[in-house]
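1. generate a structure from the sequence data that follows.
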Amino acid sequence: MSFNWKQLTLFLSTAVALVLCCMILWPFLSAVVGAITLAVVTYRPYCWLENRVKHPTLAAALGVLTVTVSIITPAFFLVQELIRQALSGVNMLRAGQPQHRLMELLGRHPTIATRLENTASQIDLGQASQRTASYVASHLAGLLGNTLGALTQLVVMVVILFFLYRDHELATTSLRAYLPLDAAETDLLLDHVDDTIYATALGRVAVAAVQGIVAGLAFWILGVDSAALWGLVTALVAIIPAVGAGLVWIPVAVVLGLTGHWIKAGVLVAWGTFVVSTIDNLLYPVLVGSRLRQHTVMVFLSVIGAIVLFGVPGLILGPVILTVCEALLKIWAKQRGTVST
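-> Here you go, the predicted structure:
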């Protein structure tokens, strides 16, 4: 068989074009992932709106307006405010206020002070905390000062979301046409991706947000400093599978107990055990059901690895990439006749 230079040239040209397209879209990765996630999660409400408005462009505009007012805008200002609170807390750390409180605490509890004496003698806590605070402050200040970049991402995300709403049938048809799979295999792949995005965004992220709000409310009522910030940290930790919100509220309860607020510590333990940590078990099955079929360990590794590789979009991209690999392996196995799907 003679070597086909035309086919090789076409293949190489296509590969180069795809790489260039990825490079062009890379700066807007967060916007693209956010738009696709919002489109998948809000697909059913949008279909309800589209069936009543009848005009695709008007329906898409109303859908984008609703999402912007109810989700995007509040989330943007909330994140900005939480970053400001984090900077305030870091400045307190740099000023040495927590060190003074720690010394007062150890003075009231000599037993704890004795146990920590050997460890503390090996570490300059003040210098270490100030260095850590300086590092965190520089990054938080960059996030707060990069408002223009965040607004650009939001604008791009809204534009993409509009066209996903208006032209979703065209987008689906085009994607099916370019995938080198038959109809059944394409359905399998797209259904798996759709279920994973839905389960990750509406299930994992939404439930974690509720846990963060409930925990933050408890922190505020109990008088914990920077309650909103710790609520955000709780939500972020709760997103990651196999970690859980207890990684935040348990240490807070311990600190409350060590500082003499035993009643507050007991209330927080009860609230965290029976409310914050229970929300995940109650809401997640209701919102997700059996859509996410991946093992917890694999989801955990995919989320952590994707966050390291892609940043915040990795929360969605990690499970999606894992799902795509799993679906493609099933398709290969089916074609070889080793398994049935």
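
2. helices and strands of the chain: which one bottoms out on pLDDT?
-> helix 125-145 (a mean of 47; mean pLDDT, DSSP states H and E).

3. next one: residue 209 relative to residue 284, how far apart?
-> 12 Å (Cβ to Cβ, to the nearest Å). C-beta here means a position set from N, CA and C on the backbone, and glycine is covered the same way.

4. swap in residue 77?
-> On the measure of Cβ to Cβ, residue 77 and residue 284 end up 27 Å apart.

5. same check, this time on residue 202
-> From residue 202 to residue 284 the distance is 10 Å (Cβ to Cβ).

6. burial count for residue 7?
-> 9 (other Cβ atoms under 10 Å).

7. check which helix or strand covers it.
-> Here residue 7, judged by DSSP states H and E, is contained in helix 5-25.

8. contacts for that helix next, please.
-> For helix 5-25, contacts defined as Cβ atoms under 8 Å, 6 or more residues apart in numbering pick out residue 32.

9. buried sites along it?
-> Of the residues in helix 5-25, none has enough neighbours to count as buried (16 or more other Cβ atoms under 10 Å).

10. got the CA positions of it in CSV?
-> Coordinates of each C-alpha in helix 5-25 appear next as CSV, following Å, rounded to 0.1, in the frame of the first residue of the first chain:
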residue,chain,number,x,y,z
TRP,A,5,0.9,12.1,1.7
LYS,A,6,-2.4,13.9,1.4
GLN,A,7,-3.9,12.1,4.4
LEU,A,8,-0.7,12.8,6.4
THR,A,9,-0.8,16.4,5.5
LEU,A,10,-4.5,16.7,6.4
PHE,A,11,-3.8,15.0,9.7
LEU,A,12,-0.9,17.2,10.7
SER,A,13,-2.8,20.4,9.6
THR,A,14,-5.8,19.4,11.6
ALA,A,15,-3.6,18.6,14.7
VAL,A,16,-1.8,22.0,14.4
ALA,A,17,-5.2,23.8,14.0
LEU,A,18,-6.6,22.1,17.0
VAL,A,19,-3.6,23.0,19.1
LEU,A,20,-3.8,26.6,18.0
CYS,A,21,-7.5,26.7,18.8
CYS,A,22,-6.8,25.3,22.3
MET,A,23,-4.1,28.0,22.8
ILE,A,24,-6.6,30.7,21.8
LEU,A,25,-9.3,29.4,24.1
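
11. who are the contact partners of residue 181?
-> For residue 181, the contacting residues are 189, 331, by Cβ under 8 Å, 6+ apart.

12. what's the neighbour count on residue 190?
-> Using other Cβ under 10 Å, residue 190 has 16 neighbouring residues.

13. now do the contacts for it.
-> Here residue 190 is in contact with 172, 175-176 (Cβ under 8 Å, 6+ apart).

14. tell me the most packed of those, by neighbour count.
-> For these, the largest number of neighbours (other Cβ under 10 Å) sits with residue 176, at 14 neighbours.

15. any stretches of the stretch 101-250 of the chain with poor pLDDT?
-> Counting by pLDDT under 70, the stretch 101-250 of the chain contains low-confidence ranges at 101-148, 241-243.
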